[in-house]
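>>> task: produce atomic coordinates for the following.
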Amino acid sequence: MSESNVLSKARSAAKGEVEGHLATDVRGAQMGATESGFFGYILRCAEGTYYVGSTTDVPARVEAHNAGRGPRFTGCRRPVTLVHSEAMPTMDQARRREMQIKKWSRAKKEALIAGETHSLHELSLRRIR
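All right, here's what the predicted structure looks like:
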């Protein structure tokens, strides 16, 4: 994916669009980026892993990740693509949500990305080995 396509997607994300989905607030309501100044987000790295973070400016943060100015994790896994973002009322809540999602399994993250919020509880249940 070219850098201009990545930047275009990041700018679309600022308008509330994330890979064909609108960004959602903590209640699941669709919204644009201007309604809140704090966001939790999920990036899909080039090799398929996920990176979870929080920011006040999603497009600028995605651009920083793709320019190698982000954390080492994404620096060697470029390009990254924004696949999910959630608006939060405060940065503290955005960081708490980031920490919560980081603990989730890959399947649970993918359900959130796909908008399948009804299956999140089922995916949280501990599996017997």
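
>>> which residues in the protein form strands?
Secondary structure of the chain, counting by DSSP state E: strands at 17-18, 21-22, 24-25, 38-44, 50-55, 81-88.

>>> can you lay out these as a markdown table showing distance to F73?
C-betas here are computed from N, CA, C, even on glycine. Formatted as a markdown table, the strands of the chain follow (distance: least, C-beta to C-beta, whole Å):
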| stretch | distance to F73 |
| --- | --- |
| strand 17-18 | 20 |
| strand 21-22 | 24 |
| strand 24-25 | 25 |
| strand 38-44 | 10 |
| strand 50-55 | 6 |
| strand 81-88 | 15 |
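
>>> which one of those strands lies closest to A107?
strand 50-55 (11.3 Å; C-beta to C-beta).

>>> run a quick neighbour tally on A67.
For A67, the neighbour count with other C-beta atoms under 10 Å is 12.

>>> cool, K108 as well?
18.

>>> ok, which stretches of the protein are helices?
3-14, 58-66, 72-75, 91-102, 106-114, 120-124 (DSSP state H).

>>> who's in contact with F38?
54-56, 87-91, 93-94 (C-beta atoms under 8 Å, 6 or more residues apart in numbering).

>>> farthest-separated two in these?
T55 and P89 (14.8 Å).

>>> which of those two has more neighbours?
T55 (19 against 13).

>>> hey, what's the more buried one bridged with?
F39 (DSSP bridges).

>>> that one is in contact with R61, isn't it?
Yes: between T55 and R61 there is a contact under C-beta atoms under 8 Å: 4.1 Å.

>>> shared neighbours of the two, which are they?
In contact with both T55 and R61: Y41, using C-beta under 8 Å, 6+ apart.

>>> and V58, how far from G37?
11 Å (C-beta to C-beta, to the nearest Å).

>>> out of those two, which sits in the more crowded spot?
V58 (25 against 15).

>>> tell me the confidence at the more buried one?
V58 is assigned a pLDDT of 97 by the prediction.

>>> and the one 5 residues further on, by the same measure?
On pLDDT, E63 comes in at 97.

>>> got a list of what the closest residue to A107 other than its chain neighbours touches?
Among residues not flanking A107 along the chain, L123 sits closest, at 5.5 Å (C-beta to C-beta, 6 or more residues apart in numbering). For L123, the contact set (C-beta under 8 Å, 6+ apart) comprises 104-105, 107-108, 111.
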